[in-house]
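Enquirer: Sequence first, predicted coordinates after that:
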Amino acid sequence: MIAATLVVSAAPAAAQGFQGDDGLNFVEAVRKGDGDKAVELLSKNPPGMVNFKAGDGQTALILAIIRNDEQWTAFLLNKGADPNLAGKGGDTPLINAARYGFESGTEWLLQVGAKVDEDNKMGETALIVAVQQRQPEIVRMLLQAGADPDKTDHAAGYSARDYAQRDARARDILKLIEAKKPKAAATAAAAPAK
């Protein structure tokens with residue numbers, strides 16, 4: 001019933017105007033994998049219900065991403081789920097995809113306009129999390145999408161580049177990051193000679 005093909009059409013609508021507990025029931029249907037119930041609730045409510053946040057702060061999209069569920073992630077993005085709507089701890093869908101190693105989810109989120117350098121309450125970006133979790137393919141995708149390897153977090157004041165340098169088991173990731181020049185160095189290199 002739910003296609004794993006991603007075809008995105010319209011921008012997400014605001015999550016409001018639901019009947020009774022339909023928003024909670026929708027998130028719960030996605031949590032349980034009940035496609036019939038989810039489709040029924042979406043069909044009888046405003047389009048923005050796809051972005052409803054449950055009491056724990058999670059959205060249906062984030063729940064699908066956390067479990068690396070391609071079918072539900074594609075379905076929710078096709079229904080207009082906001083790729084930048086943060087959940088618990090301020091973690092965006094992209095941060096969650098990096099945290100849980102969901103490569104196809106990362107790719108789809110970037111395709112639909114996920115903000116690559118958006119951070120959570122700790123100041124962690126998806127790139128920082130991907131480095132911490134040793135996810136080289138996700139690091140590569142994020143860097144290609146323009147992620148800043150020198151943006152620091154609030155927790156330790158480290159950047160993705162710093163975390164990669166400090167982790168002896170992340171040498172392949174460090175090579176990917178080192179290939180991307182720091183902003184200050186790139187600016188200086190681009191400056192005309194006097």
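Expert: Great, that's in hand. Everything numeric here is computed off the predicted structure, so don't read it as measured data.
Enquirer: For the protein, which residues score under the pLDDT cut-off?
Expert: Within the chain, the stretches falling below the threshold (pLDDT under 70) are 1-20, 182-194.
Enquirer: hmm, try it at 80
Expert: 1-20, 181-194 (pLDDT under 80).
Enquirer: So which residue is dead centre in this protein?
Expert: residue 94 (1.0 Å; C-alpha atoms, centre = their mean).
Enquirer: wait, what's in contact with that one?
Expert: 83-84, 106, 109-110, 114-116, 118, 126 (C-beta atoms under 8 Å, 6 or more residues apart in numbering). In this view, the C-beta of every residue, glycine as well, is placed from N, C-alpha and C.
Enquirer: Kindly report the domain assignment for this protein.
Expert: The chain resolves into domains spanning 11-112, 119-179 when parsed by automatic domain parsing.
Enquirer: Counting neighbours, what do you get for residue 101?
Expert: For residue 101, the neighbour count with other C-beta atoms under 10 Å is 15.
Enquirer: what about it, distance to residue 125?
Expert: Separation of residue 101 from residue 125 (C-beta to C-beta, to the nearest Å): 16 Å.
Enquirer: re earlier: state the distance from the residue nearest to the centre of the chain to residue 29.
Expert: Separation of residue 94 from residue 29 (C-beta to C-beta): 24 Å.
Enquirer: Residues contacting the longest helix along the chain, please?
Expert: For the chain, the longest helix by residue count, based on DSSP state H, is helix 22-32. Identification of contacts with helix 22-32 by C-beta under 8 Å, 6+ apart yields 15, 35, 37-38, 41-42, 44-45, 49-50, 52-55, 58-60, 63-64, 72, 76.
Enquirer: quick revisit: host element of the residue nearest to the centre of the chain?
Expert: Using DSSP states H and E, residue 94 falls within helix 93-99.
Enquirer: counting contacts, what elements does whichever helix or strand comes after that helix pack onto?
Expert: Remark: after helix 93-99, the chain's next helix or strand is helix 103-111, criterion DSSP H and E. In terms of contacts (3 or more C-beta pairs under 8 Å, 6 or more residues apart in numbering; DSSP states H and E), helix 103-111 is packed against helix 70-78, helix 93-99, helix 136-144.
Enquirer: Could I get the CA-only coordinates of stretch 94-107 as PDB?
Expert: Output of stretch 94-107 as PDB, limited to C-alpha atoms (Å, rounded to 0.1, in the frame of the first residue of the first chain):
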ATOM      1  CA  LEU A  94      18.000  14.900   9.000                       C
ATOM      2  CA  ILE A  95      19.800  14.700  12.400                       C
ATOM      3  CA  ASN A  96      17.800  11.600  13.200                       C
ATOM      4  CA  ALA A  97      18.700  10.100   9.800                       C
ATOM      5  CA  ALA A  98      22.400  10.700  10.500                       C
ATOM      6  CA  ARG A  99      22.100   9.400  14.100                       C
ATOM      7  CA  TYR A 100      20.400   6.100  13.000                       C
ATOM      8  CA  GLY A 101      22.400   5.600   9.800                       C
ATOM      9  CA  PHE A 102      19.500   5.900   7.400                       C
ATOM     10  CA  GLU A 103      21.200   6.600   4.100                       C
ATOM     11  CA  SER A 104      18.200   6.600   1.800                       C
ATOM     12  CA  GLY A 105      16.300   8.800   4.300                       C
ATOM     13  CA  THR A 106      19.200  11.200   4.300                       C
ATOM     14  CA  GLU A 107      19.200  11.400   0.500                       C
END
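Enquirer: That'll do, ta.
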